[in-house]
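J.: Here's a sequence, model it:
(chains A and B)
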There are 2 protein chains.
Amino acid sequence: MATIKDIADRLGISVSTVSKGLNGASDISESLRQTVLDTAVELGYTTKQMRGKARKKLCIFVENMEYETPEQFGYDIILGFRQFAFREDYEVTVTPITPVFQATEKYDTYMLKNGYVGAFHLGLALQDDWMTHFQSTAIPTVLLDNNIKKNPAVSYIGTDSFEGIDDAIEHLTSLGHRRIGLINGSRHSFICDQRRQAYIDSMTAHNLPFSEETMPYGYFVPEAAKPHVGNLLSMGITAILCGNDLIASGVIDECSALGYRVPEDVSVIGFDDIPMSDKLTPPLTTIRQDRIELGKCGFYALNSQINNVSISRTLLRPRLIVRGSTGSVKT
Amino acid sequence: MATIKDIADRLGISVSTVSKGLNGASDISESLRQTVLDTAVELGYTTKQMRGKARKKLCIFVENMEYETPEQFGYDIILGFRQFAFREDYEVTVTPITPVFQATEKYDTYMLKNGYVGAFHLGLALQDDWMTHFQSTAIPTVLLDNNIKKNPAVSYIGTDSFEGIDDAIEHLTSLGHRRIGLINGSRHSFICDQRRQAYIDSMTAHNLPFSEETMPYGYFVPEAAKPHVGNLLSMGITAILCGNDLIASGVIDECSALGYRVPEDVSVIGFDDIPMSDKLTPPLTTIRQDRIELGKCGFYALNSQINNVSISRTLLRPRLIVRGSTGSVKT
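T.: Numbering: from 1, shown residues only, chains lettered A, B, ... in the order given. The predicted structure follows:
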C-alpha cells in the first residue's frame, strides 16, 4: 500500500507538504492540494480514518474493455472518476461484468443488496440485459457511450464522435484524399453506430463517395483489420479511418503485409490516442479522447443524479492529433 | 446589504451555525454548509475579506432575456451560476448587452480589458456579431442554448428540447389529440430551430399531420400568440405547443377572446415552467427546465474550460409538468 512518502516522491515535494494537502491545511495552494489528493488516489493511498469510516458506495461496472494497466483504454477513465469521487468522500468499487452475470442478476437488485448509491457503466453492448433494466431503474446511473432516452435517473457521457470524425476527414481531404474508408468497431454498439453515422454525414458534406462496402464493422482489436484492409485497398481507398487505435495498429500491420507503405501509399487514422499510439511505426494520427476527463465528467454527472439533478448527456470535445501515419495522397 | 442574521432567519438556524457554515467549520454537515453558502449568495451577502480580495473575475452577458426578479426566466440561471462560482471563489458580474454593443466591442478585447477569465452568455441570437467572434475566441466561454462547432474554448449547455417536445406530444396523443400545432419563439434562434426540428421529428414518429402552417414562428412574449391562434384553430388544431410559457399565456387569452375554452376545446402546453405557470387560469401544463441547475452546469462547464477541459455540450433532462391546460380531445 502507498505511503505519504510515495506521494511526496512522485510529486517531488516534502512529506510535510503532502500531509498538509491530505489534511486540508490552509497554507498550501488549492491547486497543490488537489494535485496531492489526485496523486493519493492514483497511488492507492488510504488513511486509517478513511478505511474505518462508513462512506457512500459507488460501483464502476466494466465489460468489453481493458482497464488494469495505464496502457489500456479504461484505466484513465476509472482513475479520473476515482479522483473526483475521493474529493467527495465516496468509496468506489470496480466490478467486471459479463452478459451471463447480467442475465442472472437484476441491476436494481444487485445495487441494493450491495449498498451502492450509484453506478458508472463502461463498455456495455446494446443487447446487454442491463440496458433494458436501465430504462426503468430509479438508481442514479451514468453510462459511458450509451444513451437511455427519457429515464431521468440515467445520464450519458462520451466524446463527440461527429466532430472527431469530421476533423479527421477534413484533415484527409486537405491532403488530397477522396476515397476514404472506415473500419468500425463492433455491431451492437451505440458508439459504433454514432461513428458510422458521423462518417456518412461528413463524407456526404464533403461530397465524397462511400457505400456499405467502405464502412465495414469489425471489433475493437488489431485482428479486426485483416479481413477488410485488402478489400478496401482493392477498391481504390487511399485512407482508412479506424474505430479505435488497436484496429489502426492492425491496419498498419496488414498494409505492410500486403506491400503497402503507410503513409506513402495509405493514410491511417485511429480513435482514442491510447499510450501506444505514438509508439507505432509510423506514429499514429488519431482522434484523442481525454479519458481522465471522461472519468471526472462521469463522476460529476453521477453525483448530480444522486443530488436529484438529471443531466441527460455530457459530451467532451475530441482533438485530432496529427502524427506520421497520414500523408498526401499518392499522385 | 444582507447580514449573517438575514441568512440565519431565512434558513431558520442560529447565527452561530451560519457563521460556522461561512467559515468552513468541521462540526456542521457538508450539506448544511452548502445550503448556508447558497443562501448567502442568494441574499447577496459578502464579507469584508471577500470584498478586499483580488478574486478571479467571470462575466455573465445577457441579451433578449429578463432576469431581474425571481419571476423571470433568467433569474434562477444566474443564481445557480453564482452559487457554484461563490464556492470556487470567483467574482461574478452580470452585464446586459445589445447587438449595437457587440458591433462596437470585439468580444476578446472586451474580456481582456475588463480582466474576465471566462464568460457565460444568455440569450444571444444566431445573427449576433459575437456569435462570429466565438468561432475563434480562445477565452473560456459557455453559451446557454447556442452551439459553436469545433472551437474547444466554447461549450454549449441547455435542456434537451427533443425529449421535452416528444414528452408533450406523447401526453397529447394519450389524450386523443392528433392535430397539434407549435407557436415557436423567434427565427434566428438556435433553440427555436431545435424545438421546430423536435416537433417535426416527434409528429413524424407519431404519424401525425403537420405543415409549415402548423408551426409558425413568433417571439418569446404573450403578444406573439394573437396572430396565430385563430389561424391554427380554423385548421382544426386541437392542441397548441408553445415556445415558452409567456406565449402559452397569450394563447390562453386569445382562445378565450375567440370563445374557445381551455382545455375543453383547446389544450395548451408551455415550455420552461416559470413561476407564473401554475398561477394561470387554468394552471399551465408545461415542459420544465431546471434553471438553477442550468446555471450550475454552466459554471461547471466554464470552470472546466478554464482548467483546459473542453466540454462540448451538457444537456439537462426536461420534465413534463401536467396541470389543467391539457385535457381529452373534444369528441
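
J.: Please settle this for me: is A:I269 part of a strand?
T.: Yes - secondary structure of A:I269 (DSSP: H, G, I helix; E, B strand; the rest coil): part of a strand.

J.: Now do it against chain B, distance only.
T.: From A:I269 across to chain B, the span is 17 Å (Cβ to the nearest Cβ, to the nearest Å). For every residue, glycine as well, the C-beta is placed using N, CA and C.

J.: For that residue, list each beta-bridge partner.
T.: Counting by DSSP bridges, A:I269 is bridged to A:L241, A:T285.

J.: Surely it touches A:R288?
T.: No - using Cβ atoms under 8 Å, A:I269 makes no contact with A:R288, being 11.3 Å away.

J.: can you pull the contacts of the residue nearest to A:F190 when sequence neighbours are not counted?
T.: Spatial nearest neighbour of A:F190, excluding adjacent residues (Cβ to Cβ, 6 or more residues apart in numbering or on different chains): A:N146 at 4.9 Å. Contacts here follow Cβ atoms under 8 Å, 6 or more residues apart in numbering or on different chains; on that basis A:N146 touches A:H121, A:L124, A:L126, A:M131, A:F134, A:Y156, A:F190, A:I191.

J.: The first one: which element?
T.: The secondary structure element spanning A:H121 is strand A:116-122 (assigned by DSSP states H and E).

J.: Which positions in the helix or strand that that strand is followed by come out as buried?
T.: Sequence order places helix A:129-133 as the next helix or strand after strand A:116-122, per DSSP H and E. Neighbour counts using 16 or more other Cβ atoms under 10 Å in any protein chain shown place A:D129, A:W130, A:M131, A:H133 of helix A:129-133 among the buried residues.

J.: helices and strands of chain A: which one bottoms out on pLDDT?
T.: helix A:48-52 (a mean of 63; mean pLDDT, DSSP states H and E).

J.: other SSEs contacting the strand holding A:H121?
T.: strand A:56-62, helix A:73-87, strand A:141-144, helix A:291-306 (3 or more Cβ pairs under 8 Å, 6 or more residues apart in numbering or on different chains; DSSP states H and E).

J.: Return the most buried member of those.
T.: Comparing those by mean neighbour count (mean count of other Cβ atoms under 10 Å in any protein chain shown), strand A:141-144 ranks first with a mean of 26.

J.: what does that strand contact?
T.: By Cβ under 8 Å, 6+ apart, the residues outside strand A:141-144 that reach it are A:77, A:118-124, A:134, A:153-158, A:294, A:298, A:301-302, A:305.

J.: With stretch A:221-230 instead?
T.: Contacts of stretch A:221-230 (Cβ under 8 Å, 6+ apart): A:181, A:183, A:185, A:216, A:218, A:240, A:242-243, A:246-251, A:253-255, A:258.

J.: go on, stretch A:280-287?
T.: For stretch A:280-287, using Cβ under 8 Å, 6+ apart, the contacting residues are A:164-165, A:167-168, A:171, A:245, A:248-249, A:252, A:262-263, A:267-273, A:277-278, A:318-326.

J.: which one is the most centrally placed residue in chain A nearest to, not counting chain neighbours?
T.: With distances taken as Cα atoms, centre = their mean, chain A has A:R291 as the residue nearest its mean C-alpha position (5.4 Å). Distances taken as Cβ to Cβ, 6+ apart put A:D76 closest to A:R291, at 3.7 Å, once the chain neighbours are dropped.
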